[in-house]
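Undergrad: got a predicted structure plus its sequence, pasted below:
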Number of protein chains: 2
Amino acid sequence: MTSQFPATDDVILGPGDDAAVVSAPDGRTVATTDVLVEGRHFRREWSSARDVGHRAVAQNFADVAAMGARPTGLLIGFAAPPDLPVDWADGFSLGVRDECAVAGGAVVGGDMVGSDTLTIAITALGDLQGRAPVRRDGARPGDVVAYTGHLGLSAAGLALLRGGIDGPAACLDEHRRPSPPYAEGVAAARMGATAMLDVSDGLAQDLGHLCRAGGVLIDLDSRALVPEPALVEGVRALGVPPERAEQAARDLMVAGGEDHALVAAFDPATALPDHWHRIGKVRSADQEQVKNSVNPVTVDGCAPPRGGWDHFRQG
Amino acid sequence: MTSQFPATDDVILGPGDDAAVVSAPDGRTVATTDVLVEGRHFRREWSSARDVGHRAVAQNFADVAAMGARPTGLLIGFAAPPDLPVDWADGFSLGVRDECAVAGGAVVGGDMVGSDTLTIAITALGDLQGRAPVRRDGARPGDVVAYTGHLGLSAAGLALLRGGIDGPAACLDEHRRPSPPYAEGVAAARMGATAMLDVSDGLAQDLGHLCRAGGVLIDLDSRALVPEPALVEGVRALGVPPERAEQAARDLMVAGGEDHALVAAFDPATALPDHWHRIGKVRSADQEQVKNSVNPVTVDGCAPPRGGWDHFRQG
């Protein structure tokens, strides 16, 4: 952690004192925390130190963006075994620095301690710029569901790594260094998104949170779920026969997580912001129906694929 | 972590969404993070789960107080082995809840993950209420040095636990559940403290940070370092003969850490706030002198005790 972290205009007092001071221009600060544990959230043999730095920052600032906020500050708790190579810590710092530059936030504080288990705890702060936070519970029946960013690439990348397959770089890279569309969170909030979250567990599963929070159902339109060419290529590299590749890729878009795409609901009268893809619709439901539903999210009216892996087992 | 955490007026949006929203009334937020690792920062055999919850919160909100800020929000990263008893997590949550109530802050978010090593990462937020942060680098020659809170009790408590001695409860309790004087940080800032920090590594060592940051020297007055009766009692329980107990206790005040007392510098014309004890003076120095000094902090003009443990080895 020897590299210098550059400051931004949001840093009123940076690292080195008992605490940092970060700007919160509208009198509120957005705050979120995530813990990454080696062997569970990343593997040193699959991801470089720099990749892990990128990813730790990305998944936290994606949560900030999912509230419709602009990233401001970041704090890093770093617990490492004494034999961790200095190069690893330096590489991690570089990844953190570079992803902060992409997101627009600055490292303002941290704590380095010893531990048998390499563990990274990140807290990210953000600025709502005077807007209301875009919560999970605001989707209304009739709203349009749309996403921006990548879906499925990270899951395909993980499957490729697990299989020891040197597949399409776009898949491997997205798993190692997800690229959340930070600025699109603010854009969606400005356009009046009624609910928003980032896709970390998988599109269907995360939209399920949105359904349960808002007491609604969501139906996705499979024709609108158009896989990126790189995703189809990745699925092919995993051994899925050509005739099933398109469907398998679509299933990964619905079931795969960790790309940190943003998904939101909008009033149907709203012109979607650029880069957002309409993929479904919010439907009304009574609370009991949502609560008792195994899956409040459907694709063309049917249960979504569970993990998208059936194709690969057969393939 | 099943217990409910009560909200405060600072919680605009609590746990459950992608991120929380916390008030930052003056357009700035104070932020600090600490990581506690089992076996290094706490031991399950020496501290109850509830103690660890108290301590994790206390050491973070003490950092907030040391900036002259009022505690507002707290985020908890909790990485635990799968076999951690549910009772432990529940006890920890109760300690967190109770210490938050003492400090005046609220739990606003968190993340629970699996790990082979029980690890707790806390981020604390605070509100400067319109004041400038009290930094480490503001002490000026001629300033009075004063502290508030406990000094030495925690170190004595740790030594007692290490020795398997069931010593004075005041020592054991302060080690298990430090009691930082949160409100005194704000009081000191209001009185115009020129520099402040919380004592985590030991009074002499931490004041050394203040010297190096401000380019000054500090001399403590041993006559002003009056040990609490419980500390003298603890030292006696550790086997120090009566005739050396007072001196040993004083040495622990200077060398012992983790009580999270607050220590600050004040203009000599300032009437100290209640509960603050004058213990020394800031002296001028040239930067080179401070930089090259092994210890910029002296007691009666001499080097401070290194660890205060000499007494116990002999005793």
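TA: Everything's here; your move.
Undergrad: from now on I want contacts and neighbour counts done on CA atoms only, so please keep to that.
TA: OK.
Undergrad: now do the same for the spatially closest residue to A:Asn60 that is not a sequence neighbour: helix, strand or coil?
TA: Residue nearest to A:Asn60 in three dimensions, not counting chain neighbours: A:Ala124, with 5.8 Å by C-alpha to C-alpha, 6 or more residues apart in numbering or on different chains. For A:Ala124, the assignment made with DSSP: H, G, I helix; E, B strand; the rest coil gives strand.
Undergrad: hmm, A:Gly73 and A:Ala124 touching each other?
TA: Yes: A:Ala124 sits in contact with A:Gly73 when judged by C-alpha atoms under 8 Å, with a separation of 5.9 Å.
Undergrad: what is the burial count for the nearest residue to A:Ala285 once chain neighbours are set aside?
TA: Among residues not flanking A:Ala285 along the chain, A:Val216 sits closest, at 5.2 Å (C-alpha to C-alpha, 6+ apart). By the criterion of other C-alpha atoms under 10 Å in any protein chain shown, A:Val216 has 25 neighbours.
Undergrad: A:Val216 and A:Val282 touch, don't they?
TA: Yes: A:Val216 lies in contact with A:Val282 (C-alpha under 8 Å); the separation is 6.7 Å.
Undergrad: pLDDT score assigned to A:Ala285?
TA: A:Ala285 carries a pLDDT score of 87 in this model.
Undergrad: same thing with A:Gln314?
TA: 40.
Undergrad: again, but for A:Arg162
TA: 92.
Undergrad: report whether stretch A:190-202 contacts chain B.
TA: Yes: looking at stretch A:190-202 against chain B by C-alpha under 8 Å from any C-alpha of the partner chain, the contacts come from A:Leu197, A:Asp198.
Undergrad: and that stretch, what's buried?
TA: By neighbour count on 16 or more other C-alpha atoms under 10 Å in any protein chain shown, the buried set for stretch A:190-202 is A:Gly192, A:Ala193, A:Thr194, A:Ala195, A:Met196, A:Leu197, A:Asp198, A:Val199, A:Ser200, A:Gly202.
Undergrad: show me those that map onto strands.
TA: A:Ala195, A:Met196, A:Leu197, A:Asp198 (DSSP state E).
Undergrad: what ranges does the stretch 1-150 of chain A have for its strands?
TA: A:11-13, A:20-23, A:28-37, A:70-80, A:106-114, A:119-127, A:144-148 (DSSP state E, counting those that start in this stretch).
Undergrad: for the ones you listed, give me JSON lines that also has distance to A:Arg212, mean neighbour count and mean pLDDT.
TA: Formatted as JSON lines, the strands of the stretch 1-150 of chain A follow (distance: least, C-alpha to C-alpha, whole Å; neighbours: other C-alpha atoms under 10 Å in any protein chain shown; pLDDT from 0 to 100):
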{"stretch": "strand A:11-13", "distance to A:Arg212": "37", "mean neighbour count": "18", "mean pLDDT": "97"}
{"stretch": "strand A:20-23", "distance to A:Arg212": "34", "mean neighbour count": "27", "mean pLDDT": "98"}
{"stretch": "strand A:28-37", "distance to A:Arg212": "21", "mean neighbour count": "27", "mean pLDDT": "98"}
{"stretch": "strand A:70-80", "distance to A:Arg212": "26", "mean neighbour count": "26", "mean pLDDT": "98"}
{"stretch": "strand A:106-114", "distance to A:Arg212": "34", "mean neighbour count": "22", "mean pLDDT": "96"}
{"stretch": "strand A:119-127", "distance to A:Arg212": "26", "mean neighbour count": "29", "mean pLDDT": "98"}
{"stretch": "strand A:144-148", "distance to A:Arg212": "15", "mean neighbour count": "25", "mean pLDDT": "98"}
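Undergrad: list the buried residues in stretch A:175-190.
TA: So stretch A:175-190, judged by 16+ other C-alpha under 10 Å, has buried residues A:175-189.
Undergrad: distance between the ends of stretch A:248-261?
TA: Distance between the two ends of stretch A:248-261: 19 Å, counting by C-alpha to C-alpha, to the nearest Å.
Undergrad: can you show me the CA trace of stretch A:55-62 as PDB?
TA: Extracted C-alpha coordinates of stretch A:55-62, given in PDB (Å, rounded to 0.1, in the frame of the first residue of the first chain):
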ATOM      1  CA  ARG A  55     -13.000  -5.400  -8.100                       C
ATOM      2  CA  ALA A  56     -13.100  -4.400  -4.500                       C
ATOM      3  CA  VAL A  57     -13.700  -0.800  -5.500                       C
ATOM      4  CA  ALA A  58     -16.100  -1.500  -8.300                       C
ATOM      5  CA  GLN A  59     -18.500  -3.600  -6.300                       C
ATOM      6  CA  ASN A  60     -18.700  -0.900  -3.600                       C
ATOM      7  CA  PHE A  61     -19.000   2.100  -5.800                       C
ATOM      8  CA  ALA A  62     -21.600   0.100  -7.900                       C
END
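Undergrad: mutual contacts of A:Val216 and A:Val282, please.
TA: Counting by C-alpha atoms under 8 Å, 6 or more residues apart in numbering or on different chains, the shared contacts of A:Val216 and A:Val282 are A:Ala139, A:Arg140, A:Pro141.
Undergrad: who does the nearest residue to the second one once chain neighbours are set aside form a beta bridge with?
TA: The spatial neighbour of A:Arg140 that comes closest, neighbours along the chain excluded (C-alpha to C-alpha, 6+ apart), is A:Val282 at 6.5 Å. Under DSSP bridges, the beta-bridge partners of A:Val282 are A:Ile218.
Undergrad: sorry, back to before: sort out for me which of the buried residues of stretch A:175-190 are in helices.
TA: Of those, the ones assigned to helices by DSSP state H are A:His175, A:Arg176, A:Tyr182, A:Ala183, A:Glu184, A:Gly185, A:Val186, A:Ala187, A:Ala188, A:Ala189.
Undergrad: how near is the residue nearest the centre of chain A to chain B?
TA: Most central in chain A under C-alpha atoms, centre = their mean is A:His260, positioned 1.8 Å from the mean C-alpha point. Note on A:His260: its distance to chain B, by C-alpha to the nearest C-alpha, to the nearest Å, is 12 Å.
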